[in-house]
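Asks: got a structure for you, letters missing:
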């Protein structure tokens, strides 16, 4: 049975409902120690490319195009190992994708959770 995949900010308190806690940002979040993060894994290679992250710059008006471009990147060889690891985790446990982004609903964590809950679980 597959676990639930959710997302939220790393700055929020740890919850027993988190399951496996996976940081999906390429950069380590400011002001968070490794101990306080309570991470199971940091999969920086599943994050958007540096070029895409810089282009998007968390501009909500660009979110639809960001979502499309990032979903395309998730299928490329640079992301393959990290995507497979997330699939493995989600196949057996609940997983919470963590990000430092303030607007979590317009973040790579939101896109990744949606992608994994749909096409990404099947390997698309």
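Replies: Arrived safely. Worth saying up front: this structure is predicted, and the values here are computed from it rather than measured.

Asks: C-alpha from now on. contacts and neighbour counts both.
Replies: Will do.

Asks: Closest to the centroid, which residue in the chain?
Replies: The centroid of the chain falls nearest to residue 109 when counting by C-alpha atoms, centre = their mean (3.5 Å).

Asks: Remind me which helix or strand that residue belongs to.
Replies: Assigned by DSSP states H and E, residue 109 falls within helix 108-117.

Asks: Pull the residues that contact that helix.
Replies: Residues outside helix 108-117 that contact it (C-alpha atoms under 8 Å, 6 or more residues apart in numbering): 5-8, 24-25, 47-48, 67, 70-71, 87, 97-99, 104, 121.

Asks: In helices, which of those fall?
Replies: 67, 70-71, 87, 121 (DSSP state H).

Asks: For residue 49, grab the count of nearby residues.
Replies: Neighbour count of residue 49, defined by other C-alpha atoms under 10 Å: 18.

Asks: residue contacts, the closest residue to it other than its chain neighbours?
Replies: Nearest residue to residue 49, sequence neighbours excluded (C-alpha to C-alpha, 6 or more residues apart in numbering): residue 73, at 7.9 Å. Residues in contact with residue 73 (C-alpha under 8 Å, 6+ apart) are 48-49, 79.

Asks: can you check residue 4 too?
Replies: 90, 93-95.

Asks: Out of the ones in helices among the contacts of helix 108-117, the closest to residue 41 would be?
Replies: residue 87 (13.3 Å; C-alpha to C-alpha).

Asks: can you pull the buried residues of the helix or strand encompassing residue 53?
Replies: Taking DSSP H and E as the definition, residue 53 sits inside helix 50-56. Neighbour counts over helix 50-56 (16 or more other C-alpha atoms under 10 Å) mark 53, 56 as buried.

Asks: gap between it and the chain center?
Replies: Remark: helix 50-56 is offset 15 Å from the chain centroid, using C-alpha atoms, centre = their mean, to the nearest Å.

Asks: Could you measure from residue 28 over to residue 64?
Replies: Residue 28 sits 25 Å away from residue 64 when distances are taken as C-alpha to C-alpha, to the nearest Å.
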